[in-house]
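1. Predicted model and sequence follow; I will ask about them next.
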Amino acid sequence: MTINGVELDELIDVPAGLRNVVAADTQLGDVRGQEGFYHYRQYSAIELASVCTFEEAWFLLVEGHLPDPAELSEFTDTVARSRLLPTELLPVLPAIAASANPMVGLRTALSMLAGIRDLRPMWDCDPASRKADALLICAVTPTILAALHRLNHGLPPVVPRADLSTAANWLYMLTGEPPRPRATRAIEQYLIATIDHGFNASTFTARVVASTGADVASAIVAAIGAFSGPLHGGAPDRALDGLDEIGSTDHIDDWVSDKIAKGDRVMGFGHAVYRTADPRSILLRAIGIELGGDLVEFATTVERRVTELLAELKPGRNLYANVEFYAGVVMELCGIPRSMFTPTFATSRVVGWSANILEQADSAKVIRPSARYVGPRAPQPVPARRSPG
């Protein structure tokens, strides 16, 4: 007996969610969940976030090495030119902004951009053209997201400045005000730390679409769809909402106990891969403490107590604060509205998606797994039908 042309004895059972299943080889990086470590290429991602600019890390993911001064200058100039939106896209942004949240609007805008720029299927493009298309998508993503946010609030979009970095431009385009250096560096470190993180749901989705030879925008749009889910990229604001619900240190125990009793997930804690503290959370906690304030003090107290309670109530689960917990805290301190927390995440992750898309495009193999049919036995006779008419 065969299913989809595959003999039953050829099917391979895998864990639910493809957990620990190797689906491809990659040179982009890895996540070592048991060690609490992840890297981009050959470098620690956390170390890169500590000493590099976002543009340097972006170049590394795409080109395979850190840029020298001349390469970095040329790259940043290209990115700056690519941030500007095509004039054909500008008239439709108000309608998109009025009817959708920023992530939904981004999908629509990028699909239109692909048509305006006539992005070709990657199967028909040379590597240089693929890279150019990917850089364009990465560069305009924050411009689109910031414009949609401002239009939704009755404000005119802010044109990006060529003299500002990606992180500085993001804050500038959201607020219309020159960004504070301290806030810019905090957001830049966050962006670097979240560029890529293994074969997560959105990255894998991007690679599946790229494996068909589709255009870059199609693969990115598909990734955004996966990313929008609250179990993936849509959690930073929810984690901060949890701090609001707790309100004071006196309510931590009751809040956690109530969540566990209802079977609800404690947003901002636990991770599908890490069995130790999330290294991104450790970095962002340190950034938050440097920024200072009552919110950080409250967040660190909540983190400590929630970790203790989860260890008691869910023994053996190793549930620690993940990247979303302190991401929300840092973004709040830097003046980013909560509705733009997930879009901020997307402005960095689009670079990781693009790097994975470009790597996948070098393969001629379509990602096409099988499924085990578990429905009624087939074939069965179709029941007699009443004659038409």
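-> Looks like it came in fine.
2. so the spatially most central residue of the chain is in which element?
-> Closest residue to the average C-alpha location of the chain: residue 349 at 4.1 Å, with C-alpha atoms, centre = their mean. Under the criterion of DSSP states H and E, residue 349 resides in helix 341-361.
3. ok, and for that helix, which residues are buried?
-> 341-361 (16 or more other C-beta atoms under 10 Å). (C-beta placed from N, C-alpha, C; glycine too.)
4. roughly how far out does that helix sit from the chain middle?
-> Here the centre of helix 341-361 is set off from its chain's centre by 6 Å, with C-alpha atoms, centre = their mean, to the nearest Å.
5. for stretch 355-366, same thing?
-> The answer for stretch 355-366 is 19 Å, by C-alpha atoms, centre = their mean.
6. Compute the mean per-residue pLDDT across that stretch, please.
-> For stretch 355-366, the mean per-residue pLDDT is 95.
7. Now it - C-alpha only, PDB.
-> Taking Å, rounded to 0.1, in the frame of the first residue of the first chain, the C-alpha atoms of stretch 355-366 are listed here in PDB:
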ATOM      1  CA  ALA A 355      19.700  34.700   5.000                       C
ATOM      2  CA  ASN A 356      17.900  31.300   5.300                       C
ATOM      3  CA  ILE A 357      16.000  31.900   2.000                       C
ATOM      4  CA  LEU A 358      19.200  32.700   0.200                       C
ATOM      5  CA  GLU A 359      20.800  29.600   1.500                       C
ATOM      6  CA  GLN A 360      17.800  27.400   0.700                       C
ATOM      7  CA  ALA A 361      17.700  28.900  -2.900                       C
ATOM      8  CA  ASP A 362      21.100  27.300  -3.600                       C
ATOM      9  CA  SER A 363      19.400  23.900  -3.300                       C
ATOM     10  CA  ALA A 364      17.300  22.400  -6.100                       C
ATOM     11  CA  LYS A 365      15.400  20.100  -3.600                       C
ATOM     12  CA  VAL A 366      11.800  21.000  -2.800                       C
END
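8. List the contacts of that stretch.
-> Outside stretch 355-366, the residues that touch it by C-beta atoms under 8 Å, 6 or more residues apart in numbering are 24, 26-28, 61-62, 122-123, 127, 130-131, 134, 196, 203, 206-207, 210-213, 216, 219-220.
9. Please apply the same query to stretch 85-93.
-> For stretch 85-93, using C-beta under 8 Å, 6+ apart, the contacting residues are 109, 112, 113, 116, 117, 140, 143, 144, 147, 148, 151, 157.
10. buried set for that stretch?
-> Applying 16+ other C-beta under 10 Å to stretch 85-93 flags 85, 89, 93 as buried.
11. now do stretch 93-104
-> Quick answer for stretch 93-104 (16+ other C-beta under 10 Å): 93, 96, 97, 100, 102, 103.
12. What is the most widely separated pair among the residues you listed?
-> 93 and 103 (14.7 Å; C-beta to C-beta).
13. And the protein, what are its domain boundaries?
-> 39-231+338-361, 236-333 (automatic domain parsing).
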